[in-house]
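[1] mind looking at a prediction? Sequence and model below.
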Amino acid sequence: MPKSLLRSVAFVAVFALVGCESEQRSATAPALEPASPTFSLARAQQRELGAALAAKERHADSLLADPGIVGLAVGLTADGRPAVKIFTKAAGTRGLPRNLDGIPVIAEVTGEFRAFPVRAASAGALAAGNTGTFAFPVPIGISTGNEGQCLAGTISARVRDAAGHLYALSNNHVYALENDARLGSRVLQPGLYDTGCSLTGNGVLGTLFDYQRIAFRRKANNTIDAAIAAATAGTLGTATPGDGYGMPNHVTAPAFVSQPVQKYGRTTSLTHGRVTAVGATLLIGYTSGTARFVDQIIVESGTAFIGPGDSGSLLVSDDGGAYPVGLLFAGTGTGTMAIANPINAVLGRFGVTIDGK
């Protein structure tokens, strides 16, 4: 296939997990991919963007030392050439390079990136249909949280391990409360924020089983913000409500630049966007401090793709297959740019697979 055509479809896969924290486990192999040109194009485009990813890695530490820079990633120029994207807090950041090792640089003003649960002080947190108490087994993509804080996020998916045990998947900051929740604490539906910070009206979805600790350091190499809660088929279903994308696929897909994607979440329900960059190194704000994440996926949309309370939403392909691509956890203040962990890094950490079609 000609290189120009590969650039026009603009696909890139993120398979490697670079620079993980020592305490993070290696990802297990993903499920066998279907016979689809999408997956072969992804592998080819990964090779094409290799030089840009390497240049981004070489300069990430020095560039992020600038207080005006909040992240870097790899995407494409308007004419389809690989490029390094530099994200800044505000316009007018001085001294930005025009290229890195011969790779063109695109500067974007994003503001700061923050994790996206909904708390008492959050703005724009109300939603029409996904904040109430659902009958068991509850769908995915709706309000959830830990009994220890008045917040709410989103149930990502039902996952299962090799022994057949079932779990609810969401973010660390939704289920493990930024490393502060105890294992065995109750996980609720809806989250406490959605019942006026009262346990009255909440169902017990399960109990916190495991989570990946977040290292709150500007030079850390976090790869996932994720946790799982022990659940059962009686408490948790496998599909979104009827106005969503339905049941996700059990086969995962790599993230591609220009890949159409969708998500269903507590606050903004079903939204559609496109992957605009991969291999991102970003500074993410939490209540506990700032954490650096590496190898992240960036999604953008013309309108809000996520809102407060959408943390934990499953990012899936928007191609009819609903292949899981990432676990959403953060974004910009407008919600038009969202950040996701690569889903295979999440599933591999816990030794689980998506319980889907």
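    Right, received. Where do you want to start? Numbering: from 1, shown residues only.
[2] do you know the pLDDT at residue 119?
    Per-residue confidence at residue 119 stands at 79 (pLDDT).
[3] show me what the helix or strand harbouring residue 349 is packed against.
    Assigned by DSSP states H and E, residue 349 belongs to helix 343-350. Packed against helix 343-350 by the contact rule (3 or more CB pairs under 8 Å, 6 or more residues apart in numbering; DSSP states H and E) you find strand 157-161, strand 324-331, strand 352-354. Where C-beta positions appear, they are placed from N, C-alpha and C, glycine not excepted.
[4] from the chain's centroid, how far away is the strand ranked longest in the chain?
    If each strand of the chain is counted by residues according to DSSP state E, the longest one is strand 269-286. Averaging C-alpha coordinates over strand 269-286 and over its chain gives two centres that are 7 Å apart (CA atoms, centre = their mean, to the nearest Å).
[5] also stretch 90-99?
    The gap between the average C-alpha position of stretch 90-99 and the chain average comes to 27 Å, counting by CA atoms, centre = their mean.
[6] repeat that for stretch 268-282.
    When distances are taken as CA atoms, centre = their mean, stretch 268-282 is centred 8 Å away from the chain's centroid.
[7] list the buried ones in that stretch?
    Of the residues in stretch 268-282, those scored as buried under the neighbour-count criterion (16 or more other CB atoms under 10 Å) are 268-269, 271, 273-282.
[8] state the mean pLDDT of it.
    Per-residue scores along stretch 268-282 average to 97.
[9] can you start the count at 49 instead of 1 from here on
    Will do, 49 is the new start, and the previous item becomes stretch 316-330.
[10] buried residues in the host helix or strand of residue 216, which are they?
    Secondary structure from DSSP H and E places residue 216 in strand 214-218. Buried positions in strand 214-218, judged by neighbour count with 16+ other CB under 10 Å: 214-218.
[11] between those residues, which sits nearest residue 343?
    residue 217 (18.7 Å; CB to CB).
[12] quick check: that closest one touching residue 209?
    No. Taking CB atoms under 8 Å as the contact criterion, residue 217 and residue 209 are not neighbours in contact, 11.7 Å apart.
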